[in-house]
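In: build the 3D model from these lines:
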Amino acid sequence: MFNTVRKALFAALFVGVAGPVFAADLAEPPVVEEAPPQAVYQEPVAEYGGWYIRGDVGYHWSKFGGSDYTTYGPTPPQLTGSFDTANLKGAFSVGGGVGYQINQHFRTDLTADWMFSSKFSGSTNGFCGVAQDPCTSSDSTSYSALLLLANAYVDIGTWHGVTPYVGAGIGGAWMKWDTLHNTDLDGSFEHSGGKGWRFAYALMAGASYCLTDRVKLDVGYRFSHINGGRMFDYASDSNVGPGYDHGISNHEVRGGLRYQFGRSDCAPAPEPYQPEPEPIYTK
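Out: Residues are numbered from 1 along each chain as shown. The predicted model follows:
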């Protein structure tokens, strides 16, 4: 009986000591971490737009819209006349402006262009001398103008760096006629030229080309019209005046540069997003 109890106590002691030793020898299972949820990526939207500045040079051909003037005789009624022939020569222009690219297809700007002197030559038919015989006079002068416009454009699209566009503008022109020289059989006469502000508008079409990611070459055509106004004043030695022109239309070819401060369609597209590979966990 005593031997049996002793053996049982010895067995219990052996299990209590050896159990933790055998348990420490067993390999613990690896800890598996759950992969973080994959972030949902949204393709960034290209932000076109921002301020830009521009500079342009051009050459315009002007078309005279006609005129009328008053000739004062010794007795009423007074006579109204007009130029029988009238021609304007072409001239250069230079200008600049500041604008804002609202989005990829729409922009606006304010421009100022100085139109250099365009020479005018014309003739009138009348009566000269004491006998009032029919005669023809020759007339010469020139005009220059400062054209101020608020413009809006539609950029149709961009293909291989080329962006065609159409546009329209509205504003005013400060126009100045030089002294009008009139010569006929009675002699030579001078009329002071008229000057002042007039209403003006324009229509444009052209295309731009990307030179860099911010600089564009702009080439186009512009039609502009300046309303009529005083052309020359009254001259007492000829008893003629004042005279008014009926407006001037201009056909102009233009070229210039635009510098975009914001992102333009010339900038390269952002690189596509490449998500990082998911980690691989091994046991």
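In: and residue 262, what element?
Out: Under the criterion DSSP states H and E, no helix or strand holds residue 262.
In: the residue nearest the centre of the chain and residue 167, how far apart?
Out: The residue lying closest to the centre of the chain (CA atoms, centre = their mean) is residue 109, at 5.2 Å. Shown here: residue 109 relative to residue 167, a distance of 9 Å by CB to CB, to the nearest Å. Placement of C-beta: from N, CA and C, glycine included.
In: so what sits against both of the two?
Out: 151, 153 (CB atoms under 8 Å, 6 or more residues apart in numbering).
In: dump the residue contacts of the residue nearest to the centre of the chain.
Out: For residue 109, the contacting residues are 52, 54, 97, 98, 99, 100, 150, 151, 153, by CB under 8 Å, 6+ apart.
In: filter these down to the buried ones, PyMOL style.
Out: In PyMOL syntax, the buried subset of the contacts of residue 109 is picked out as below (16 or more other CB atoms under 10 Å):
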select buried, resi 52+54+97+99+151+153
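In: the closest residue to residue 181 other than its chain neighbours: which element?
Out: Of all residues not flanking residue 181 in the chain, residue 140 sits nearest, at 5.1 Å (CB to CB, 6 or more residues apart in numbering). According to DSSP H and E, residue 140 maps onto strand 133-155.
In: and that strand, what's buried?
Out: Buried residues in strand 133-155 (16+ other CB under 10 Å): 137, 139, 141-145, 147-149, 151-153, 155.
In: likewise stretch 153-163?
Out: For stretch 153-163, by 16+ other CB under 10 Å, it's 153, 155, 158, 163.
In: name whatever forms a beta bridge with residue 162.
Out: Under DSSP bridges, the beta-bridge partners of residue 162 are residue 159, residue 209.
In: which residues touch residue 247?
Out: The contact partners of residue 247, taken as CB under 8 Å, 6+ apart, are 65, 225, 226, 227, 228.
In: should've said residue 104
Out: Contacts of residue 104 (CB under 8 Å, 6+ apart): 46, 48, 155, 158, 265.
In: where does the residue nearest to the second one when sequence neighbours are not counted sit: helix, strand or coil?
Out: Pointing back at residue 48 there. Excluding its sequence neighbours, the residue lying closest to residue 48 (CB to CB, 6+ apart) is residue 104, at 4.4 Å. Per DSSP: H, G, I helix; E, B strand; the rest coil, the local secondary structure of residue 104 is coil.
In: quick check: pLDDT value at residue 104.
Out: Residue 104 carries a pLDDT value of 88.
In: partner residues bridging residue 137?
Out: Assigned bridge partners for residue 137, using DSSP bridges, are residue 124.
In: show me the shaky parts of the stretch 1-150 of the chain.
Out: By pLDDT under 70, the low-scoring segments of the stretch 1-150 of the chain are 1-47, 73-77, 129-131.
In: for the helix or strand hosting residue 121, buried residues please.
Out: If you go by DSSP H and E, residue 121 is part of strand 106-128. By 16+ other CB under 10 Å, the buried positions in strand 106-128 come out as 107, 109, 111, 113, 115, 118, 120, 122, 123, 124, 126.
In: so can I have JSON lines of the residues you listed showing distance to residue 181?
Out: Supplementary listing: the buried residues of strand 106-128 in JSON lines, determined by distance: CB to CB, whole Å:
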{"residue": "107", "distance to residue 181": "45"}
{"residue": "109", "distance to residue 181": "39"}
{"residue": "111", "distance to residue 181": "33"}
{"residue": "113", "distance to residue 181": "27"}
{"residue": "115", "distance to residue 181": "21"}
{"residue": "118", "distance to residue 181": "16"}
{"residue": "120", "distance to residue 181": "10"}
{"residue": "122", "distance to residue 181": "11"}
{"residue": "123", "distance to residue 181": "12"}
{"residue": "124", "distance to residue 181": "13"}
{"residue": "126", "distance to residue 181": "16"}
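In: return the two entries of those residues that lie farthest from one another.
Out: Spatially, the most separated pair among these is 107 and 126, at 52.2 Å (CB to CB).
In: nearest to residue 178 among the contacts of residue 247?
Out: The closest of those, once distances to residue 178 are taken by CB to CB, is residue 226, at 15.9 Å.
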